[in-house]
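J.: Any chance you can model this:
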Amino acid sequence: MRHTPLRNTLALLVAGATALVALATPGAQAAKAATPDGYVALGDSYSSGNGANSTNLDFFCNRNTYAYPYLVAQQRPNTALTFVACGGATTTDVNNNQISALASTTKFVTITIGGNDIGFVNLLTSCWAYNDDAQCQAAADTANGKIANQLGAALDGTYARIKAASPTATVVVLGYPNPLGTNLSCLAADGISTANRTSINSVVTNLESKISNRVAAAGFTYKSAISPFGGHDICASDPWVNGKAWNLADAYHPSRSGYANGYTPLVRAVIG
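T.: Next comes the predicted model:
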C-alpha cells in the first residue's frame, strides 16, 4: 500500500515519541547511572605498592597490581582507577605532580603521605643498618622535630589542594603501620634492638597523631593502620610488613598480604 506524505510524517512522529519513551525507561536511566566512579590514588610508596616486590605497572614509581588502590578498584564494581601514587613522594611531589590527576567529578581519593617529609627512610636505616642505639635515637629526634614543627603545615597545604580540585570527593587518608612488635628475634629484625624499637615507635605514634589531627581539620576521613596491622609485624607468624629486604625500597613496607588484608579493607570500609 502506498504511503501518503501525511502518513509518513505521522509515522516519523510516532517513532520519535517511542524513542523518547525508551530514553525515559529505567533501563536507559540505569545505563546513565552506570558511569564509573572516578577513583584517584595519590601518595607515596605505601600507596604505590612498595614492599610487594613488583613494579609491573610502573618501574620508576614502584606501582604494581598488588597495591591497595589496584585491589580496591578490581574488587569494587564500576570503578575507574587513576593511579598516580609514587614511591618516595613528599607533600611537595603530590602538589606538583599528582594533584593534576584530580577532577571536579572525582568521587573517591585515597592517599598516604607524610613519611618522606619527616625522613622516615633515614630513620629506619639509621636504626637497623648500624646497630647503634644513639644514632637511631638521634634520627628519631630529628623526625619527631619535623613532625612537630613542619609536617602540619605541609599536610594542610596538600589537603587544601585536594579539596579545591575535587570538592565533593570522599577522601580517605591512610596512616602508616608499625613494623615492629615485641618479638625482635627473627632475621627480618636483625640489627633492631629494644631501644631502637622504642625510638621508631615514638615516631610512628607522633606521625599518626599529627596526620589524624590534620585530616580531621580538613574534613576528610582518616583510617589508622596501626591496629589493623597489629599482630602482623615483621617477626609475626603471619607478617604483613617486610623487615630487611634485598631491595631497600621494599624494606619495612607492607607485603602483598599487608596490602590485601590490611590496607584494602580499610578503604573498602569507607567507600564500599
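
J.: secondary structure class for Val40?
T.: State at Val40, reduced to three classes by DSSP: H, G, I helix; E, B strand; the rest coil: strand.

J.: separation between Gly115 and Leu174?
T.: For Gly115, the distance to Leu174 under the criterion CB to CB, to the nearest Å works out to 11 Å. C-betas here are computed from N, CA, C, even on glycine.

J.: so who does the nearest residue to Tyr68 once chain neighbours are set aside touch?
T.: Counting by CB to CB, 6 or more residues apart in numbering, Tyr263 is the residue found nearest to Tyr68 once chain neighbours are left out, at 3.8 Å. Contacts were defined as CB atoms under 8 Å, 6 or more residues apart in numbering; by that measure Tyr263 touches Tyr46, Tyr68, Leu174, Ala225, Pro254.

J.: how much space between Tyr263 and Ser255?
T.: Between Tyr263 and Ser255 the distance is 11 Å, computed by CB to CB.

J.: What ranges does this structure have for its strands?
T.: Secondary structure of the chain, counting by DSSP state E: strands at 37-41, 79-83, 108-111, 170-174, 221-223.

J.: Pick the most deeply packed of those strands.
T.: For those, ranked by mean neighbour count under the definition mean count of other CB atoms under 10 Å, the leader is strand 108-111 at a mean of 26.

J.: in its sheet, what does it sit against?
T.: The strands that strand 108-111 pairs with in its sheet are strand 37-41 (parallel), strand 170-174 (parallel) (by DSSP bridges).

J.: Tabulate these in CSV, adding columns for mean pLDDT and distance to Ser104.
T.: Rendered in CSV, the data for those read as follows (pLDDT from 0 to 100; distance: least, CB to CB, whole Å):
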stretch, mean pLDDT, distance to Ser104
strand 37-41, 98, 10
strand 170-174, 98, 14
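
J.: can you put these in a markdown table and add distance to Ala195?
T.: Below are these laid out as a markdown table (distance: least, CB to CB, whole Å):
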| stretch | distance to Ala195 |
| --- | --- |
| strand 37-41 | 36 |
| strand 170-174 | 28 |
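
J.: For Ile147, which of these is the nearest?
T.: Of all these, strand 170-174 sits nearest to Ile147, with 15.5 Å by CB to CB.

J.: just to revisit the earlier point, and the strands of the chain as CSV, adding distance to Gly191?
T.: Below are those laid out as CSV (distance: least, CB to CB, whole Å):
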stretch, distance to Gly191
strand 37-41, 33
strand 79-83, 34
strand 108-111, 31
strand 170-174, 28
strand 221-223, 31
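
J.: and of the ones you listed, who's closest to Thr158?
T.: strand 108-111 (8.0 Å).

J.: what's in contact with that closest one?
T.: By CB under 8 Å, 6+ apart, the surrounding residues in contact with strand 108-111 are 37-43, 47, 68-69, 72, 79, 85, 94, 102, 162, 166, 169-174, 267, 271.

J.: Please export the C-alpha coordinates of it as PDB.
T.: As requested, C-alpha coordinates have been extracted for strand 108-111 and formatted as PDB (Å, rounded to 0.1, in the frame of the first residue of the first chain):
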ATOM      1  CA  PHE A 108      37.000   8.900  45.700                       C
ATOM      2  CA  VAL A 109      40.500   9.900  46.700                       C
ATOM      3  CA  THR A 110      43.000   7.900  48.800                       C
ATOM      4  CA  ILE A 111      46.400   8.900  50.000                       C
END
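
J.: next one: it to chain centre, how far?
T.: Once both centres are worked out by CA atoms, centre = their mean, to the nearest Å, strand 108-111 turns out to sit 6 Å from its chain's centre.

J.: likewise stretch 156-166?
T.: Distance, centroid of stretch 156-166 to centroid of chain: 16 Å (CA atoms, centre = their mean).

J.: ditto for stretch 200-217
T.: Remark: stretch 200-217 is offset 16 Å from the chain centroid, using CA atoms, centre = their mean.
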